[in-house]
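**Q** what shape does this take:
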Amino acid sequence: MRNQVQLIAYAERLGSDLSDTVRTVRTVFAGACGGVHLLPFFEPFDGADAGFDPIDHTRVDPRLGSWDDVRALASTHDVVADVIVNHVSKQSRQFRDFCEHGAGSDYADMFLTFDTVFPRGATARDLTAIYRPRPGLPFTTMRIGGESRLVWTTFTTDQVDIDVASEPGRLYLGQILDRLAASGVRLVRLDAVGYAIKKAGSSCFMEPETFDFIDEFAAEAHARGLEVLVEVHSYYRRQIEIAARVDWVYDFALPPLVLHALTTGDAEPLGRWLDARPANAITVLDTHDGIGVVDVGSSDAADGGPGLLTPSQIASLVEGIHARTGGQSRSATGSGSANVDIYQVNSTYYSALGCDDWAYLAARCLQFFLPGVPQVYYVGALAGTNDMELFARTGVGRDINRHHYTRDEIARRVEEPVVASLLALMRFRNEHPAFAGRAKIEHSPEHVAIDWWKADHWARMRLDTRARRVRLSWLTAHGDLVEVDDLLSLGATLQWDRVGGSAQRVDV
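**A** The predicted structure is shown next:
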């Protein structure tokens, strides 16, 4: 997978379908992204959980296009696609067959029920030990083979959990990998893999057997030429452990730590993470989900390890987001909205920073200079604000950060200085040869300095969180020194000559 910025996008929210998305990537984002994480485009893309509840995981929703559209994008960009390993829609062919025939179904072993995990019943301690990202227990009463059964539903009542250790479960996941590999996908994202293994007497989250499953799944993916990205929100030391066993892991601690540093001036917690974070990270500030806080909090294990932020710092961080959004994030987070996540705040990252252009571009500079492969969510790429109208229509808190853009809206957004400058930064990150070399990171309680170099090429970033200053400096391919202090000037005063993959300074 190439070392360039990737765009995260829904197939129908940069226009109306996959062909619109491909066109936008190749025009508006030309040179700004070398890869695209296409959020679930399977049938249906607009189900109970915005595509994360597939009825048929091997079929492109025909309203969006076909596998030919995916292959077309893969011909010019690295394509990332989700493998939703934990669950499938209750409307899927396999689960409907299980409902009709019960134990006589060919898919009876594919689905988890209360009895599967607790054949001798469960105590209150067993049930309260189960970790779930929603309030309540992960069971839903359904009619299976003519009788009422408790089906395991970790996320919503429309998403039924798979027994990934079963033969039909393994076959199901293998067919998905076959389809994605044949369509040019380069990287698969294991969605909700932390919940995939359920075991009586445990939290049913990130158990030792979960790591075994990840190892087995990765081997199957590698055999098909696919790289693997593991998606887990958890205690930061657990992320480090996961990173040692997989191709890529998300740096989910980065978004809250950057928010804390830029809004308080205190870069000390961020600096501690920069010393510990794995290098094989996909760096993000925003995704289709909310802004996580569990990733910087204390451990929920018996040892109770401290977090990267203290409880009071986390409380201040969350309240600060609510204040800077004028209460919008508060209304879209927690029990006031559907799709409740107990560890996420729902807001766009731009809105979470109070639509502060300097802070937003400073955050992106830090993201792009850190080792790893950066991903930028499509709303973030256009410096989008909270979509309260969409949230009001759906009642789903995360929709505050899932705006549907028309072509006209996109054209207007790219004229904004903050967006033009961000796109310039993305192209710079993709094209400057220093980022193919080595990095050195230094930090203090109010400074972060990152240097990249390869042979005679170098690029530097200096961030002062107290004084609110960022300086970028680099050498062009012709040996000219460029220094930029005003990040908002990037889009207006710099263009990037992509001939030969070199970054050139051009006054316009």
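**Q** so S16 sits in a helix?
**A** No: using DSSP: H, G, I helix; E, B strand; the rest coil, the secondary structure at S16 is coil, not a helix.
**Q** OK, contacts around F368?
**A** When the contact criterion is CB atoms under 8 Å, 6 or more residues apart in numbering, the partners of F368 are V5, T283, P374, L425, M426, F428, R429. Where C-beta positions appear, they are placed from N, C-alpha and C, glycine not excepted.
**Q** try it again with 10 Å
**A** When the contact criterion is CB atoms under 10 Å, 6 or more residues apart in numbering, the partners of F368 are 5, 283, 374, 376, 422, 425-426, 428-430, 435, 450, 459, 461, 472.
**Q** so which of those sit within helices?
**A** Counted as lying in helices by DSSP state H, out of the contacts of F368, are L422, L425, M426, F428, R429, N430.
**Q** ranking by neighbours, what's the top pick from those?
**A** Using other CB atoms under 10 Å as the neighbour test, the ones in helices among the contacts of F368 are led by L422, with 28 neighbours.
**Q** that one touches R364, doesn't it?
**A** Yes: using CB atoms under 10 Å, L422 is in contact with R364, at 5.9 Å.
**Q** closest one of the contacts of F368 to L18?
**A** V376 (19.3 Å; CB to CB).
**Q** beta partners of that closest one?
**A** L7 (DSSP bridges).
**Q** show the contacting residues for it.
**A** 5-9, 29, 32-33, 37, 283-287, 349, 364, 367-368, 382, 422-423, 425-426, 429.
**Q** what's the helix or strand H57 falls within in contact with?
**A** Here H57, judged by DSSP states H and E, is contained in strand 56-60. Strand 56-60 has contacts (CB under 10 Å, 6+ apart) with 11, 18, 38, 40-45, 66-70, 81-84, 88-89, 91-94, 172-173, 175-180, 183.
**Q** out of those, which are buried?
**A** In the contacts of strand 56-60, burial by neighbour count holds for 11, 18, 38, 40-45, 66-67, 69-70, 81-84, 88-89, 91-92, 94, 172-173, 176-177, 179-180, 183, counting by 16 or more other CB atoms under 10 Å.
**Q** among those, which lie within helices?
**A** Short answer: the buried ones among the contacts of strand 56-60 in helices (DSSP H) are L18, W67, D69, V70, Q94, Y172, L173, I176, L177, R179, L180.
**Q** quick check: the last one touching D82?
**A** Yes: taking contacts as CB under 10 Å, L180 lies within contact range of D82: 9.3 Å.
**Q** name the nearest residue to the residue lying farthest from the centre of the chain, ignoring sequence neighbours.
**A** Centroid-distance maximum for the chain: G146 at 39.8 Å, with CA atoms, centre = their mean. Closest residue in space to G146, ignoring its immediate chain neighbours: G102 at 6.7 Å, by CB to CB, 6 or more residues apart in numbering.
**Q** next, the contact list for the one you found, please.
**A** Contacts of G102 (CB under 10 Å, 6+ apart): A108, R143, I144, G145, G146, E147, R149.
**Q** now the two most distant members of those residues.
**A** Farthest pair in the contacts of G102, by CB to CB: A108 and R143, 14.3 Å.
**Q** between those two, who's got more neighbours?
**A** A108 (19 against 12).
**Q** helix or strand: which one has the closest residue in space to R429 that isn't next to it in sequence?
**A** Distance criterion CB to CB, 6+ apart; nearest residue to R429, sequence neighbours excluded, is F368 at 4.2 Å. Using DSSP H and E, F368 sits in helix 357-369.
**Q** using CSV, write out the CA atom coordinates for that helix.
**A** Output in CSV follows, covering the C-alpha atoms of helix 357-369 (Å, rounded to 0.1, in the frame of the first residue of the first chain):
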residue,chain,number,x,y,z
ASP,A,357,-9.0,27.5,10.8
TRP,A,358,-5.6,27.8,12.4
ALA,A,359,-6.2,25.0,14.9
TYR,A,360,-7.7,22.8,12.2
LEU,A,361,-4.8,23.2,9.8
ALA,A,362,-2.3,22.8,12.7
ALA,A,363,-4.0,19.5,13.6
ARG,A,364,-3.7,18.3,10.0
CYS,A,365,0.0,19.3,9.9
LEU,A,366,0.6,17.2,13.0
GLN,A,367,-1.3,14.3,11.5
PHE,A,368,0.5,14.3,8.2
PHE,A,369,3.9,14.6,9.7
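**Q** would you mark the buried spots in stretch 4-17?
**A** Buried residues in stretch 4-17 (16+ other CB under 10 Å): 4-15, 17.
**Q** dump the C-alpha coordinates for that stretch into PDB.
**A** Output of stretch 4-17 as PDB, limited to C-alpha atoms (Å, rounded to 0.1, in the frame of the first residue of the first chain):
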ATOM      1  CA  GLN A   4       0.100   8.600   0.700                       C
ATOM      2  CA  VAL A   5      -3.000  10.300   2.300                       C
ATOM      3  CA  GLN A   6      -6.200   8.300   1.900                       C
ATOM      4  CA  LEU A   7      -9.700   9.700   1.700                       C
ATOM      5  CA  ILE A   8     -12.500   8.100   3.800                       C
ATOM      6  CA  ALA A   9     -15.800   8.400   1.900                       C
ATOM      7  CA  TYR A  10     -19.300   7.000   1.600                       C
ATOM      8  CA  ALA A  11     -20.100   5.900  -1.900                       C
ATOM      9  CA  GLU A  12     -23.100   8.200  -2.200                       C
ATOM     10  CA  ARG A  13     -22.200  11.300  -0.200                       C
ATOM     11  CA  LEU A  14     -19.800  13.000  -2.600                       C
ATOM     12  CA  GLY A  15     -22.500  13.000  -5.200                       C
ATOM     13  CA  SER A  16     -25.100  10.200  -5.600                       C
ATOM     14  CA  ASP A  17     -23.200   6.900  -6.400                       C
END
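**Q** check the offset of it from the chain's centre.
**A** Distance of stretch 4-17 from the chain centroid (CA atoms, centre = their mean, to the nearest Å) equals 13 Å.
**Q** stretch 128-136 now?
**A** That offset, for stretch 128-136, works out to 22 Å (CA atoms, centre = their mean).
**Q** over to stretch 12-20?
**A** That offset, for stretch 12-20, works out to 20 Å (CA atoms, centre = their mean).
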